[in-house]
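dropping the sequence and predicted coords here.
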Amino acid sequence: MPNYHFFAVCPRTLEPILAKELQSLGAQNIKINAGGVLFEGALETSMRACLESRYASRILMRIATRQYYDSNDIYDMAHVLPWERFFDPNMKIRVDVTAHRSPLESLDFTTLRIKDGICDRFREVCGERPSIEKMFPDVRIHAFITERHCTFYFNLSGEPLFKRGWRIEKGEAPLKENLAAGLLALSEWSAEKPLQDPFCGSGTIAIEAAQIACHIAPGLNRSFAFEKLNMFDLELWEELKEDARAAVNLSANVKIAASDISSIVVEKAQSNAERAGLGPLLRDGRLTFTRCDAREVTPQAENGMIVTNPPYGEQSTPKSASVASMMKNVADNLKRQFSGWTAWMLTSDRKLPQQMRLSESRKIVIFNGPLECRLFKFEMVSGSFRRKNKKEEQQI
């Protein structure tokens, strides 16, 4: 069985976690790069990655790579490849180009040259050509151009892998699902630990946690672009999905409580959880979504873990105090109510510990899209770990 070359894209900082996950799925010759992981494997490995990866944003399969000197060389590269082996001419295609230190003057023109090369090849070999479709293509082709090399990839995922198929209802500034899964991995949460999210929004962290506990494959309820490519065995694909369905355990012993100040947002989160296949957990209380101000939330167990993405910006809601003032009150409540718990908070505001008057025991730099954030860890001990202000320090 031949090995193919793949690149799994992921949020920055999650590369080592993704590499470990890919190894568990059968990937070989794994190499961590900034923003993703290179790996080799059979086509089955890439199908498993699309179906089961919680941390990848997309899976790309390398088609060809070669040196170039100008856009004519890139046209020739596209023209000579046997695209007709990979997909039929009645398919709709999209071509995306990214470059790093490329001397080419126009990426738009280069994109057109690649499209021309593909379409001219089909016309010459098949007598007809694929059409171009930007919004809903059947086949997505990526070209990555460096200073002297051009590489073509198939995007096997199609829509990004963080689109699990269950999120229709969105809150304000929703967290991407694979980043939420990454936060849970970085916090080392496991299903035996009670989990709370007092800023749940559309429920992403809680739903990801519940799906992890129930062994629900993240790609089980969606389709993928590789299903339109000729070299993939769709009978094997059906077997992989059947195996994933058989692995689901909706009887998992887990306790997850999520809350938000907005009743409308809470209803959206509940609807998302139902679509994510978590109805049984909602009905027996293992997974709950309730309306509650984060400044008044209470623990569901003697100890456990908080993983949350609090609001950052000037205002949380029009009627609330500033975020800084609110987070101070949240911290007071956590110290009072959650002694013995561990809290992990993702924020782009580096002053969050100062605002909360808490000392973080750990911080991890992580990127939420282009936004550089910090994942702060706080050990909640009543009345301690409090940041002293300058006046207090002088008195000491």
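Looks like it came in fine. The structure presented is a predicted model; accordingly, all values stated were derived computationally and were not measured.

where does the stretch 151-300 of the chain dip in pLDDT?
Across the stretch 151-300 of the chain, the ranges flagged by pLDDT under 70 are 169-173.

strands of the stretch 1-150 of the chain, residue ranges please.
With DSSP state E, counting those that start in this stretch as the criterion, the stretch 1-150 of the chain has strands at 4-9, 28-33, 36-41, 58-67, 92-99, 131-132, 139-145, 149-155.

cool, and the stretch 201-350 of the chain?
Listed in chain order, the strands of the stretch 201-350 of the chain (DSSP E, counting those that start in this stretch) span 256-260, 287-291, 305-308, 342-347.

could you export the first one as PDB, CA atoms only?
Listed in PDB are the C-alpha atoms of strand 256-260, where the atom choice follows Å, rounded to 0.1, in the frame of the first residue of the first chain:
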ATOM      1  CA  ILE A 256     -20.400  19.000  32.700                       C
ATOM      2  CA  ALA A 257     -22.200  22.200  33.700                       C
ATOM      3  CA  ALA A 258     -22.200  25.300  31.400                       C
ATOM      4  CA  SER A 259     -23.900  28.600  32.000                       C
ATOM      5  CA  ASP A 260     -24.200  32.100  30.500                       C
END
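
dump the residue contacts of residue 91.
Residue 91 is in contact with 130, 138, 139, 228, counting by CB atoms under 8 Å, 6 or more residues apart in numbering. All C-beta atoms are positioned from the backbone trio N, CA, C, and that covers glycine.

any chance you could list what contacts stretch 275-289?
Taking CB under 8 Å, 6+ apart as the rule, stretch 275-289 contacts 164-168, 200, 203, 206-207, 210-211, 214, 216, 220-221, 248, 250, 252-260, 266, 269-270, 273-274.

what about those residues, which are in helices?
Using DSSP state H, the subset of the contacts of stretch 275-289 located in helices is 206, 207, 210, 211, 266, 269, 270, 273, 274.

burial count for the third one?
When neighbours are defined as other CB atoms under 10 Å, residue 210 has 26 of them.

and it, how far from residue 249?
As judged by CB to CB, to the nearest Å, residue 210 and residue 249 stand 11 Å apart.

what is the end-to-end distance of stretch 244-252?
Taking CA to CA, to the nearest Å, stretch 244-252 runs 16 Å from one end to the other.

neighbouring contacts of it?
Residues outside stretch 244-252 that contact it (CB under 8 Å, 6+ apart): 51-52, 191, 213-217, 220, 277-278, 280-281, 286.

my guess is residue 117 meets residue 83, correct?
No. Residue 117 is not in contact with residue 83 according to CB atoms under 8 Å; the separation is 9.1 Å.

just to revisit the earlier point, just the buried residues of the contacts of stretch 275-289.
164, 166-167, 200, 203, 206-207, 210-211, 214, 216, 220, 252, 254-260, 266, 269-270, 273 (16 or more other CB atoms under 10 Å).

make a markdown table out of the strands of the stretch 1-150 of the chain and add distance to residue 304 and mean neighbour count.
Listed next are the strands of the stretch 1-150 of the chain as a markdown table, based on distance: least, CB to CB, whole Å; neighbours: other CB atoms under 10 Å:
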| stretch | distance to residue 304 | mean neighbour count |
| --- | --- | --- |
| strand 4-9 | 32 | 22 |
| strand 28-33 | 32 | 12 |
| strand 36-41 | 31 | 22 |
| strand 58-67 | 33 | 19 |
| strand 92-99 | 42 | 18 |
| strand 131-132 | 52 | 14 |
| strand 139-145 | 42 | 22 |
| strand 149-155 | 39 | 21 |
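
for residue 308, find the nearest of these.
Residue 308 lies closest to strand 4-9 among those, at 25.6 Å (CB to CB).

the closest one pairs with which strands, parallel or anti?
Strand pairing for strand 4-9, using DSSP bridges, gives strand 36-41 (antiparallel), strand 58-67 (antiparallel).

identify the residues contacting residue 256.
194, 195, 196, 206, 209, 210, 213, 281, 286, 287, 288.

tell me the phi and psi of the third one?
The one in question is residue 196. Note on residue 196: its backbone torsions stand at phi -130, psi 150 [degrees, to the nearest 10].

got it, and the second one?
Listed backbone geometry of residue 195 is phi -130, psi 140, with angles given as degrees, to the nearest 10.

mind starting the numbering at 6 from now?
OK, 6 is where the count begins now, so the last one is residue 200.

residue 313 is in contact with that one, correct?
No. Residue 200 is beyond contact range of residue 313, at 9.9 Å (criterion: CB under 8 Å).

more neighbours: these two, which one.
Neighbours per residue, other CB under 10 Å: of residue 200 and residue 313, the larger number sits with residue 200, 27 against 24.

give me the number of residues near the closest residue to residue 122 other than its chain neighbours?
Distances taken as CB to CB, 6 or more residues apart in numbering place residue 83 nearest to residue 122, at 2.8 Å, with adjacent residues excluded. Residue 83 has 25 neighbours, counted by other CB under 10 Å.
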